[in-house]
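Chemist: Sequence plus the predicted model coming up.
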Amino acid sequence: MTSGSTPAPAAQRVSPAPAPPAPGTTRVAAIDCGTNSIRLLVADVDPVAGTLTDLDRRMEVVRLGQGVDRTGRLAPEALERTLDAVRRYAAVVTELGATRTRFVATSATRDAENRDDFVQGVLDALGVEPEVVSGQEEAALSFRGATSTVAGLRPGPYVVVDLGGGSTELVLGTATPDAAHSMDVGCVRLTERHLRSDPPTAAEEAAARADVRAALDEAARVVPLGRAATLVGLAGSVTTVTAHALRLAAYDRDRIDGAVLSVEQVLAACDDLLHRSRADRAALGFMHPGRVDVIGAGALVWSEVVARVRDDVAAAGGELTDVVTSEHDILDGIAWSVA
């Protein structure tokens, strides 16, 4: 999964000293630990009114999945970086007074032989055992988070795509998921596997695209992509591509959330990011330093997904002309689930 959508490690605090939760609401903490980043959301949730109010939303790039595709194990330095972040998050959860906390770990942890070391480290730091969720559950949580804001504004069925560091989840549904599939392709995994040159060579790009297309062929046997009326993209690779397509001078979550781009705009932005050098990417004002080396692979995956959904919709007699970006994702889904 996932990898995170907010591109800065600094706090995204709505209020520096939030009041206690209102009657009928529950203050929850949701943590999503993916292959590339770890993210925290503390929010007040009112299940009856159907509202989720952010108190703190933050992200750190820790690259937990460093080398996992090659070794099958979490590297000691990656594990320590991640647990350092968990300890900082634990202090925020305590400070804001969250009464329920859920910690979800995704692709890198699913694949690691030594994941028990990670589980024990999180338990020691946070007092909550991390749940190493399946790709199917990861997909369902992402779908709930994304559709909590898109529903009512755009027609269903929705194909929701959560593009992470180690895996990419595709979910089809309207009110609830009808079909879901997790692909073992993501921005960190493909960078380590194929895109080693700066910028990538044509041969490296071709090999990466072949991997993604094979994964999409398998996904399409489970998720009928041609039924999509609205395509929604989530997580850091997608939001970064969106920032590039919008030509933002700096990352602006409010402008990115809910942005509607034409398919052509998305594909052009993906192509440009993929073929830039890392130095050129780093000079972009919206680019998080932790994404510089992996955004090329993220852009490649997103371009293949968008083109495949467009083509499958056309083959089914429809037309997909645009793509929606959401900053509401698996974190929101985790918060709703714990409330």
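Modeler: Done, it's in.
Chemist: So which bits of stretch 214-233 are buried?
Modeler: Judged by neighbour count (16 or more other CB atoms under 10 Å), stretch 214-233 contains these buried residues: 215-216, 219-220, 223, 225-228, 230-233. For glycine as for every other residue, the C-beta is placed from the backbone atoms N, C-alpha and C.
Chemist: Give me the mean pLDDT for it.
Modeler: Mean pLDDT, stretch 214-233: 97.
Chemist: mean confidence score for stretch 303-320?
Modeler: Throughout stretch 303-320, pLDDT has a mean value of 98.
Chemist: And it, how far out from the chain middle?
Modeler: Put simply, stretch 303-320 sits 22 Å off its chain's centre (CA atoms, centre = their mean, to the nearest Å).
Chemist: mind listing which of the buried residues of stretch 214-233 are in helices?
Modeler: In this view, these that belong to helices under DSSP state H are Ala215, Leu216, Ala219, Ala220.
Chemist: Would you mind measuring from Met177 to Val306?
Modeler: One correction, residue 177 is Pro, not Met. Distance, Pro177 to Val306, by CB to CB, to the nearest Å: 20 Å.
Chemist: Look at those two and report which has more neighbours.
Modeler: Set Pro177 next to Val306 and count neighbours by other CB atoms under 10 Å: Val306 wins out with 23 against 20.
Chemist: Now do the SS call for the more buried one.
Modeler: Classification of Val306 by DSSP: H, G, I helix; E, B strand; the rest coil places it in helix.
Chemist: what comes into contact with stretch 169-179?
Modeler: Residues outside stretch 169-179 that contact it (CB atoms under 8 Å, 6 or more residues apart in numbering): 1, 135, 138-140, 142-143, 147, 151, 156-162, 180-183, 219, 222-225, 227-228, 305.
Chemist: thinking in terms of the whole chain, how far from its middle is it?
Modeler: Using CA atoms, centre = their mean, the mean C-alpha position of stretch 169-179 is found 16 Å from that of the whole chain.
Chemist: Now it: average pLDDT?
Modeler: In this model, stretch 169-179 has a mean pLDDT of 92.
Chemist: now swap in stretch 80-99 and tell me
Modeler: 95.
Chemist: Just give me how far that stretch sits from the chain centre.
Modeler: 20 Å.
Chemist: likewise stretch 172-180?
Modeler: Offset of stretch 172-180 from its chain centre (CA atoms, centre = their mean): 18 Å.
Chemist: try stretch 28-35
Modeler: Counting by CA atoms, centre = their mean, stretch 28-35 is centred 11 Å from the centre of its parent chain.
Chemist: Let the chain start at 583 from now.
Modeler: All right, first residue 583 from here; so that's stretch 610-617.
Chemist: With only the CA atoms kept, save that stretch in CSV.
Modeler: Listed next in CSV are the C-alpha coordinates belonging to stretch 610-617 (Å, rounded to 0.1, in the frame of the first residue of the first chain):
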residue,chain,number,x,y,z
VAL,A,610,-9.6,8.4,17.0
ALA,A,611,-6.1,7.9,15.7
ALA,A,612,-5.4,6.1,12.5
ILE,A,613,-1.9,5.1,11.4
ASP,A,614,-1.1,3.7,7.9
CYS,A,615,2.4,2.2,7.5
GLY,A,616,3.3,1.4,4.0
THR,A,617,6.3,0.6,1.9
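Chemist: How much space separates the most centrally placed residue in the chain from Leu735?
Modeler: Closest residue to the average C-alpha location of the chain: Ala817 at 2.9 Å, with CA atoms, centre = their mean. Between Ala817 and Leu735 the computed distance is 20 Å (CB to CB).
Chemist: Repeat that for Gly808.
Modeler: Between Gly808 and Leu735 the computed distance is 22 Å (CB to CB).
Chemist: so after the helix or strand bottoming out on mean pLDDT in the chain, what's the next helix or strand?
Modeler: Ranking every helix and strand in the chain by mean pLDDT, DSSP states H and E puts helix 689-693 at the bottom, with a mean of 72. Downstream of helix 689-693, the first helix or strand assigned by DSSP states H and E is helix 697-708.
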